[in-house]
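# sharing a sequence plus its predicted fold:
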Amino acid sequence: MKTPSIVKVVIASILIAAGMIWSIMFPKTREILRPDFVASVAVGIGLVVPGVLILFLKRARVLPIVLSILLLWSLLMNVFFVCWVRQFVEVFHEEVRSNSISQTDSRTP
């Protein structure tokens, strides 16, 4: 059985450690779908999962690993953008509602 190269283990360990440190140190909010919380979780997952893939996949070629990591990051960024759009829509609806209320109040004698 061939042991993994030291470079592979070091890179995987650095990615996992960076993901754990990011997940612990970045401030979290109570609302789960806020874009800053989603971005924080996405960065943590985006660092830990590639480290685990690199560490535990045996005899994997470089191209499938790189493509898997890029697919993961693409998925995480799409989730982040969906949360950003959701936040924008909520703010937009709040502005429209407050403007309609203020126009209704200004019309009453």
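Sure thing, it's come through. Numbers count the residues shown, from 1 in each chain.
# what sits closest to the residue nearest the centre of the chain if chain neighbours are left out?
Centrality entry for the chain: nearest residue to the mean C-alpha point is A42, 1.7 Å, by Cα atoms, centre = their mean. Leaving out its chain neighbours, the residue that sits closest to A42 by Cβ to Cβ, 6 or more residues apart in numbering is L76, at 3.8 Å. For the C-beta atoms, the positions are set from N, CA and C on the backbone; glycine is no exception.
# now name the helix or strand holding the residue nearest to the centre of the chain.
Assessed by DSSP states H and E, A42 sits inside helix 35-56.
# identify all contacting residues around that helix.
If you take Cβ atoms under 8 Å, 6 or more residues apart in numbering as the criterion, helix 35-56 is touched by 4, 8-9, 11-20, 22-23, 26-29, 31, 60, 65, 68-69, 72-73, 76-77, 79-80, 83-84, 87.
# helix or strand right after that helix?
Per DSSP H and E, the first helix or strand lying C-terminal to helix 35-56 is helix 62-107.
# what angle separates that following helix from helix 35-56?
Here helix 62-107 runs at an angle of 170 degrees relative to helix 35-56 (axes from the mean of the first three to the mean of the last three Cα atoms, to 10 degrees).
# for helix 62-107, name the packing helices and strands.
helix 35-56 (3 or more Cβ pairs under 8 Å, 6 or more residues apart in numbering; DSSP states H and E).
# buried residues, the helix it packs on. List them.
Buried positions in helix 35-56, judged by neighbour count with 16 or more other Cβ atoms under 10 Å: 35-51, 53-54.
# hang on, the earlier thing: could you measure the residue nearest to A42 against F88, distance?
19 Å (Cβ to Cβ, to the nearest Å).
# now do S98
16 Å.
# before we move on, the earlier item: out of L76 and F88, which sits in the busier spot?
L76 (19 against 11; other Cβ atoms under 10 Å).
# quick one: contacts for the more buried one?
42, 45-46.
# dump these into CSV; add distance to H93 and pLDDT as well.
Formatted as CSV, the contacts of L76 follow (distance: Cβ to Cβ, whole Å; pLDDT from 0 to 100):
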residue, distance to H93, pLDDT
A42, 25, 83
I45, 30, 85
G46, 31, 86
